[in-house]
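Engineer: Give me a model of this one.
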Amino acid sequence: MATTTRKRTTAKTATPAAKTETPAEAPVKVKPQEVDLHQYIPVRNGFNGMLIYVSSRTGEAFRWDSFGDEQDIELLELRNAKNTGKEFFINNWFMFDEDYDWVLDYLGVRNYYRNAVNVEGFDEIFQKTPAEIKKVVKEMSDGQKKSLMYRSKDLIASGEIDSRKVIAALEEALGIDLIEK
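Structural biologist: Residues are numbered from 1 along each chain as shown. Here you go, the predicted model:
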């Protein structure tokens, strides 16, 4: 049996004088030993409709009635959800406010939220130019595209979206017909 030797490397740390970021710009690194797993994290519904998550650990059901609704969930339960219901993160159905952005890194799900549109910015998509709409939608997760489709249909039906160019851009980007032709 062959033995492999690896050269041990040490991480270099920057001295305080060498830092160029201001404290407001520097990302906050959360160390696992500093996190209280029993703290409650506000989780918002990123699905345009009713969302239900049932804990496989406790059997407790969490219910959000509509897009943007908020429920407090224990961080330990969110960690469990990552392991048993990853689709809630992959589809961006669980959304977090900026104050709790660190949770994405702690849970290791940041890559699923790379191009996610936050709950407050969702309706801003409809104010963009057709080219911008196509670009934003192209980068969204499948879950957010589905939510955008439902939201688009609601806003078109209510008359809040009436621009043919915006509707055409949404239809092309989502690959569906939003209005009958």
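Engineer: switch to C-alpha atoms for all contacts and neighbour counts from now on
Structural biologist: Noted.
Engineer: From the structure, what's the count of residues near the closest residue to Ala168 other than its chain neighbours?
Structural biologist: By the measure of Cα to Cα, 6 or more residues apart in numbering, the closest residue to Ala168 outside its immediate chain neighbours is Pro130, 8.0 Å from it. Look at Pro130: counted by other Cα atoms under 10 Å, it has 19 neighbours.
Engineer: From the chain's centroid, how far away is the lowest-mean-pLDDT helix or strand in the chain?
Structural biologist: Counting by mean pLDDT, DSSP states H and E, the weakest-scoring helix or strand in the chain turns out to be helix 142-158, with a mean of 91. From the chain centre to the centre of helix 142-158 is a distance of 17 Å (Cα atoms, centre = their mean, to the nearest Å).
Engineer: Buried residues, that helix. List them.
Structural biologist: Within helix 142-158, the residues that count as buried by 16 or more other Cα atoms under 10 Å are Gly143, Gln144, Lys145, Lys146, Ser147, Leu148, Met149, Tyr150, Arg151, Ser152, Lys153, Ile156.
Engineer: any low-confidence regions in this structure?
Structural biologist: When residues are selected by pLDDT under 70, those of the chain lie in 1-33.
Engineer: Can you give me the domain boundaries for it?
Structural biologist: Following automatic domain parsing, one finds the domains of the chain at 36-113, 123-174.
Engineer: Kindly present the ones you listed as CSV, with separate columns for distance to Glu180.
Structural biologist: Output for those, formatted as CSV (distance: least, Cα to Cα, whole Å):
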stretch, distance to Glu180
domain 36-113, 22
domain 123-174, 11
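Engineer: Can you classify Asp73 by secondary structure?
Structural biologist: Wrong residue type there; residue 73 is Ile, not Asp. Assigned by DSSP: H, G, I helix; E, B strand; the rest coil, the conformation of Ile73 is strand.
Engineer: roughly how far apart are it and Arg57?
Structural biologist: 13 Å (Cα to Cα, to the nearest Å).
Engineer: and what of Lys138?
Structural biologist: From Lys138 over to Arg57 (counting by Cα to Cα), the distance is 36 Å.
Engineer: For the two, work out which one has more neighbours and name it.
Structural biologist: The neighbour comparison of Lys138 against Arg57 (other Cα under 10 Å) goes to Lys138, with 14 against 10.
Engineer: Find the nearest non-adjacent residue to the more buried one, please.
Structural biologist: Nearest residue to Lys138, sequence neighbours excluded (Cα to Cα, 6+ apart): Ala173, at 6.5 Å.
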